[in-house]
Each structure stands twice: as structure tokens, then as C-alpha cells.
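K.L.:
Take a look and give me a structure for this.
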Amino acid sequence: MVSPSHSPLGFFGILKESFKTTSRNLEQLFYPMLLLLFLPYFQLDYAQVYMLARVAKDLKLAKHSNMFHNFTYNYIDETTDVRDFVFVQLVIMAISSIVTLIVLIATVSSSSEAYTAKPLGLKYMFLKLKETWKRSLVTSFYMILLTLGIVFLYLISIVITSIFAENKWRVMFCGAITILILVCYFYVVAIWIVSMVVSVLEEGFEGIKAIGRAGELMKGKRLHASLMMVLFAVAYSLVHLMAYVLESYNLSMFITISFRNGLFCWLKLFMFVVYTVFYHEWKTSYEEKEGKDFYLPIAAC
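P.N.:
Numbers count the residues shown, from 1 in each chain. This is a model prediction of the structure:
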């Protein structure tokens, strides 16, 4: 649909429209995606807690054992436990990454469908998953490299500052670098998600090209995107705090893990919806500035 003008949604307008988009898609996909995300996350979290408790128990027993008589046995036992724990962590990361990628593609596709009033059906969703998972994976790989580069730069900056800065300036410089890196982190995570949305919704965009496209669309809106990520970070922190309070009441592990993972999964899905709405808003504004024909989403009707 071509329109002569489009009134962009503000920060709170994006949130409001995201809630509307989610409500249009609750039974068709949001609830199934929530269940698909929750079940493996719950099982993986439960396995992680079990392994951590086992390692902690063995280390505690080793601490109180006879160091001279049981050194070899304890060392082998502890090493095995730690190795098993690391292996489980790697398996958890791999499985959760695969599940998150599948859910992201399905959520972005269905949210875009609901937002633009283009009902395409479940068959389209499976085709989209088949067509875009490689593009999304490549984009995510490049973003991981970029994130590792930023972490490396931060560590190098801290080391250099610690070596050459005087004592009275060292804390100030390290604090300034940490704040700067934290700001960069929220922006990088925001552009990561937007580049994934681009990889799903636009053919031919993957890797560096998708990241560049995301940066292009985000021009003038970087603050909004970063603040939205800060909002989600605060929400995640509150969930952690509430889960900690529940644990202090000595409730069963099943209840605390279910509560924490249920809210985490809902926040993750809603975050995908928010940045999909963001993408459409930015794309519409960008094409309007470029003088191209652009569609008017259902949200603006």
C-alpha cells in the first residue's frame, strides 16, 4: 500500500503496538512458540542446576577429606565432575541456541505477518524457516565475532589503563571505559537482533550485509533501540530478583525454575516482536525519506 506520509511511532507507541501485534497472534503462534521455548529451557536449566549441585557437593566433600590419602582420588573425581559440567554447559548452549534461532525466525515471521496484515499461514512459516535459517546463522556468527572483538578491546583497554595510569586516575579511567563498553553492549545487542530480523524478512541479506542494512535502518533511532534493550535488561534483572526471593522461601526447584524460565521465555518472545515492529517502522520511514513507495502497516490504519 502506498501512502504519501507516515507518522512514526514513538518509544511507547512501539511497545503499545507490539502488545497489539502479540494479541493478534496469541493462539496461532505465540502460545505454541512460548511452549516450544519453555520446555527445552526448563529441562536444560534443571540439568544445569543438578550438575552444579553435584560438583559443589563433591568439592565440599573433597575439602573435608584427608588431603594426603585421598589426593589422587579426589583430584580425578573433581576433574571428572568439572569436565562433565563443562560438557553439559556446551550442550546447553548449543541446544538453546538452536531452539532460540528456530523460535526467532517463527516469531519474527508471524509478527511481521500480523503487523502488516498479510496472512500467509503455517506453511509459509515452515518455508521461511527453511529459507532463512542459514542466513540467520551466518549473521549471528558475524555478530558473535563483533561481540568478542568488543570484549577483547575492553580487556586490552583495562590492562593498558592498569599498567600506565597513575593510581588516582586508574579507577576513573577504568570506570569510564566500563560505562562506554556497557553503552556499546546495549547498542550491539540491539543491532544484533535487528540484523537477525533483516536476515529473516529480506532476501539476500546475511552476515555483514544484514548488519550493514540494520545499521542503515537504525540511523537516527539508535538511542530508541538501545533504550529498549536497557528496558529488557531491567526486566530480566527483575525476574532474577523475583526468582531469588522465591528461592529464599525454600520452594521446590520445579516452581522456581518454572517461574524464572516462563517469564524469561515470554520476555524473549516479546523482545523479538518489539524489534520486528521497530524494523517495520524504520523501514517505512527510511523508504519514505528515500522517496520510494512503501506500504502503510495495519498499525497506522
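K.L.:
Tell me how far the residue most central in space within the chain lies from residue 221.
P.N.:
The chain has residue 268 as the residue nearest its centroid, 6.6 Å off, counting by Cα atoms, centre = their mean. Going from residue 268 to residue 221 by Cβ to Cβ, to the nearest Å gives 22 Å. The way it works is simple: take the backbone N, C-alpha and C, and place the C-beta from them, glycine included.
K.L.:
can I assume the residue nearest to the centre of the chain is in contact with residue 100?
P.N.:
Yes: using Cβ atoms under 8 Å, residue 268 is in contact with residue 100, at 7.4 Å.
K.L.:
between these two, what contacts are shared?
P.N.:
residue 37 (Cβ atoms under 8 Å, 6 or more residues apart in numbering).
K.L.:
Downstream of the strand or helix carrying residue 139, the next helix or strand is which one?
P.N.:
Element membership for residue 139, per DSSP states H and E: helix 121-164. Downstream of helix 121-164, the first helix or strand assigned by DSSP H and E is helix 167-201.
K.L.:
what's next to the helix or strand following that next one, contact-wise?
P.N.:
On the C-terminal side of helix 167-201, the closest following helix or strand by DSSP H and E is helix 207-217. Contacts with helix 207-217, where a contact means Cβ under 8 Å, 6+ apart, come from 135, 138-139, 141-143, 146, 191, 194-199, 202, 205, 279, 282-283, 286.
K.L.:
Got a ChimeraX select line for the buried ones in those residues?
P.N.:
The ChimeraX command for the buried members of the contacts of helix 207-217 (criterion: 16 or more other Cβ atoms under 10 Å) is given here:
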select :135,138,139,142,143,146,191,194,195,196,197,198,199,202,205,279,282,283,286
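K.L.:
Pull out the buried residues from the helix or strand where residue 283 lies.
P.N.:
Taking DSSP H and E as the criterion, residue 283 maps to helix 253-289. Buried positions in helix 253-289, judged by neighbour count with 16+ other Cβ under 10 Å: 256-257, 259-266, 268-286, 288.
K.L.:
Likewise for stretch 156-173?
P.N.:
Buried, per 16+ other Cβ under 10 Å, within stretch 156-173: 157, 158, 161, 173.
K.L.:
average model confidence for that stretch?
P.N.:
In this model, stretch 156-173 carries a mean pLDDT of 76.
K.L.:
what's the span of it from first residue to last?
P.N.:
13 Å (Cα to Cα, to the nearest Å).
K.L.:
quick one: residue 100 and residue 36 touch, right?
P.N.:
No: taking contacts as Cβ under 8 Å, residue 100 lies outside contact range of residue 36: 10.4 Å.
K.L.:
which stretches of the stretch 51-200 of the chain have low pLDDT?
P.N.:
Counting by pLDDT under 70, the ranges of the stretch 51-200 of the chain that qualify are 51-82, 84-85, 117-124, 165-166.
K.L.:
again, 50 this time
P.N.:
62-76 (pLDDT under 50).
K.L.:
Could you list every helix and strand in contact with the helix or strand where residue 247 lies?
P.N.:
In this assignment (DSSP H and E), residue 247 forms part of helix 222-248. Applying 3 or more Cβ pairs under 8 Å, 6 or more residues apart in numbering; DSSP states H and E, one finds that helix 222-248 contacts helix 11-24, helix 167-201, helix 253-289.
K.L.:
Just want the angle from that helix to helix 11-24.
P.N.:
Using axes from the mean of the first three to the mean of the last three Cα atoms, to 10 degrees, the inter-axis angle of helix 222-248 relative to helix 11-24 is 60 degrees.
K.L.:
before we move on, back to that, got the contact list for the residue nearest to the centre of the chain?
P.N.:
37, 100, 103.
K.L.:
run the last query once more with 6 Å
P.N.:
Listed by Cβ atoms under 6 Å, 6 or more residues apart in numbering, the contact set of residue 268 is empty.
K.L.:
how close does it get to residue 239?
P.N.:
11 Å.
K.L.:
Please apply the same query to residue 137.
P.N.:
28 Å.
K.L.:
now swap in residue 23 and tell me
P.N.:
As judged by Cβ to Cβ, residue 23 and residue 239 stand 22 Å apart.
K.L.:
Would you work out how far apart the start and end of stretch 243-259 are?
P.N.:
Using Cα to Cα, one end of stretch 243-259 lies 7 Å from the other.
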